[in-house]
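Peer 1: coordinates only, sequence not included:
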């Protein structure tokens, strides 16, 4: 049933948001050199690699300088990129990943292989379901880039603090996975994006 809603919402979103896609694509291309879209290799269900799609928010080639972005002080992010990241609009192309069956609207955010290799056996349970565009961890860490921007060693903070907590929130969804939980997380995500200062709904 969840897959049915994924297909329905992803196709509907791609259709109705097409004008938004077009505006964002042109805006990104006008500000900086390079394409309007960006793809990155991530780890999906059962540990399989796949490419996740985003609107490009960084200058071309910036990912070679590191995988972690650090909020307002990261010079690699374009002005357009700051805006679309703030409202999570850079994630919209992942509706294509959802349509293709590589992702779900709701599920653990897909990580790069570098961080997946750090998972314990128990933590690898997050790989038993389709990765998603949003989940409890995304809601709790809606300001993740700001947190990392205040850290002296962003990679260390991510690996030692944020990543384990994210996985704990991922487990909350996996343990309760249902259509009801699916719609609850979508609703909470919308509320969080509209009013990010509201209390978190974490575990």
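Peer 2: Structure received. As the structure is a computational prediction, the values presented were derived from the model and not from experiment.

Peer 1: return the helix or strand in the chain with minimum mean pLDDT.
Peer 2: helix 144-149 (a mean of 80; mean pLDDT, DSSP states H and E).

Peer 1: how near is the residue sitting furthest away from the middle of the chain to residue 56?
Peer 2: Centroid-distance maximum for the chain: residue 30 at 24.5 Å, with Cα atoms, centre = their mean. Here the distance between residue 30 and residue 56 works out to 12 Å (Cβ to Cβ, to the nearest Å). Quick note: C-beta positions are derived from backbone N, CA and C, even for glycine.

Peer 1: now swap in residue 41 and tell me
Peer 2: In this view, residue 41 and residue 56 are 16 Å apart by Cβ to Cβ.

Peer 1: tell me which of those two has more neighbours.
Peer 2: Counting neighbours by other Cβ atoms under 10 Å for residue 41 and for residue 56 shows that residue 56 has the greater number, 25 against 11.

Peer 1: excluding sequence neighbours, find me the nearest residue to that one.
Peer 2: With sequence-adjacent residues excluded and distances taken as Cβ to Cβ, 6 or more residues apart in numbering, residue 56 is closest to residue 38, at 4.1 Å.

Peer 1: residues contacting that neighbour?
Peer 2: Residues near residue 38 by Cβ atoms under 8 Å, 6 or more residues apart in numbering: 53, 54, 55, 56, 57, 58.

Peer 1: which of these sits closest to residue 92?
Peer 2: residue 55 (6.7 Å; Cβ to Cβ).

Peer 1: weed out the non-buried ones from the contacts of residue 38.
Peer 2: 53, 54, 55, 56, 57, 58 (16 or more other Cβ atoms under 10 Å).

Peer 1: hang on, the earlier thing: after the least confident helix or strand of the chain, next one along is what?
Peer 2: Counting by DSSP states H and E, the next helix or strand C-terminal to helix 144-149 is helix 154-157.
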